[in-house]
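> let me see the structure of the following:
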Amino acid sequence: MSKTIVALDFSSKQEVIDFLKQFDEPVYVKIGMELTYACGLEMVQIVKEMGHHIFLDLKLHDIPNTVKGGMKNLAKLGVDIVNVHCAGGIAMMKAAIDGLSEGAVDGKRPLCIGVTQLTSTSKEAMNEELGIPGEVMDCVIHYAKNAKEAGLDGVVCSVHEAKAIHEACGNDFLTVTPGIRLADDSKDDQKRVATPAYAKEQGCDYIVVGRSITKSADPVETYHKIEEMMK
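Now for the predicted structure:
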């Protein structure tokens, strides 16, 4: 199974189809808010019919009953990974698992991971704007422990926190890390970023890569180059 999840940050169905037609093998892809809000959840079925695995990145965050109902319906889509915001609390995360289990296709629910802190969040923003004191690392580890207690399969975190999360929650607790760039790429709006080689060194289970692949002159070659770095 691929360790690289390609972020399909497109805004039209045809862009996605044209991009994925370049690959002659199944790849793991991320369908996030931009694509979902532009094209709807039918994109899930289109991508599944093309033979690819899907991380549906919608970051649910609401009262437990609402999240449970939402997850029950998302589970019916047959995606591989979904996520919630850890900031919603343990009861909400438990409700997400309950909903996924109830809606599971053939008795197999999608993996559920929790967003700890966004990779665009700096210490200053976390302290001053969100009102959470201390270091980003401390908050991320606390949220990861809550996610494990709630029964989640892992968390979304930055590369820089993956090793500490595994130490706190075990090696079987997944770390999915966005903010991955090749060494010569722009950081764009991400604050806590890293290269694939560093992600491997830190023990990341999956990395999410967007523009480094989708904006590449040869996306397939770049994808394989990154996969080799993660082996």
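> now do the phi/psi pair for H85.
Backbone torsions for H85, taken as degrees, to the nearest 10, come to phi -90, psi 120.
> touching, it and I113? I think so.
No. Counting by Cβ atoms under 8 Å, H85 sits too far from I113 to count as a contact (10.7 Å). Backbone N, C-alpha and C define where each C-beta goes, glycine included.
> quick one, which of those two is more surrounded?
Neighbour count, other Cβ atoms under 10 Å: between H85 and I113, I113 has more, with 26 against 20.
> who touches the helix or strand where that one lies?
Using DSSP states H and E, I113 sits within strand 111-115. Identification of contacts with strand 111-115 by Cβ atoms under 8 Å, 6 or more residues apart in numbering yields 59, 71, 80-87, 93, 96-97, 100, 143-144, 146-147, 150, 152-156, 174, 176.
> in helices, which of those appear?
Secondary structure from DSSP state H places M71, M93, A96, I97, L100, Y143, A144, N146, A147, A150 of the contacts of strand 111-115 in helices.
> secondary structure class for E167?
Classification of E167 using DSSP: H, G, I helix; E, B strand; the rest coil returns helix.
> burial of it, as a residue count?
E167: 11 neighbours (other Cβ under 10 Å).
> state the distance from it to D205.
For E167, the distance to D205 equals 14 Å [Cβ to Cβ, to the nearest Å].
> please name the residues that touch the residue nearest to P64 when sequence neighbours are not counted.
Counting by Cβ to Cβ, 6 or more residues apart in numbering, the nearest residue to P64 once its immediate chain neighbours are dropped is A95, at 3.6 Å. A95 sits next to P64, N65, V67, K68, M71 when contact means Cβ under 8 Å, 6+ apart.
> can you tell me which of those residues are in helices?
Short answer: the contacts of A95 in helices (DSSP H) are P64, N65, V67, K68, M71.
> which of those residues lies closest to A125?
The nearest member of these to A125, counting by Cβ to Cβ, is V67 at 25.0 Å.
> for that closest one, give its distance to K94.
The spacing between V67 and K94, counted by Cβ to Cβ, is 10 Å.
> who's more crowded, these two?
Neighbours were counted for V67 and for K94 using other Cβ under 10 Å; V67 has more, 24 against 17.
> my read is that the more buried one contacts M92, right?
Yes. With contact defined as Cβ under 8 Å, V67 reaches M92; the gap is 5.3 Å.
> what do these two both touch?
By Cβ under 8 Å, 6+ apart, the residues touching both V67 and M92 are H61, V84.
> all strands for this structure, in order.
With DSSP state E, the ranges of strands along the chain come out as 4-7, 28-31, 53-60, 81-85, 111-115, 154-156, 174-177, 206-209.
> format these as CSV; extra columns: distance to P219 and mean pLDDT.
Converted to CSV, these look like this (distance: least, Cβ to Cβ, whole Å; pLDDT from 0 to 100):
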stretch, distance to P219, mean pLDDT
strand 4-7, 8, 98
strand 28-31, 12, 98
strand 53-60, 17, 98
strand 81-85, 21, 98
strand 111-115, 25, 98
strand 154-156, 23, 98
strand 174-177, 20, 97
strand 206-209, 10, 96
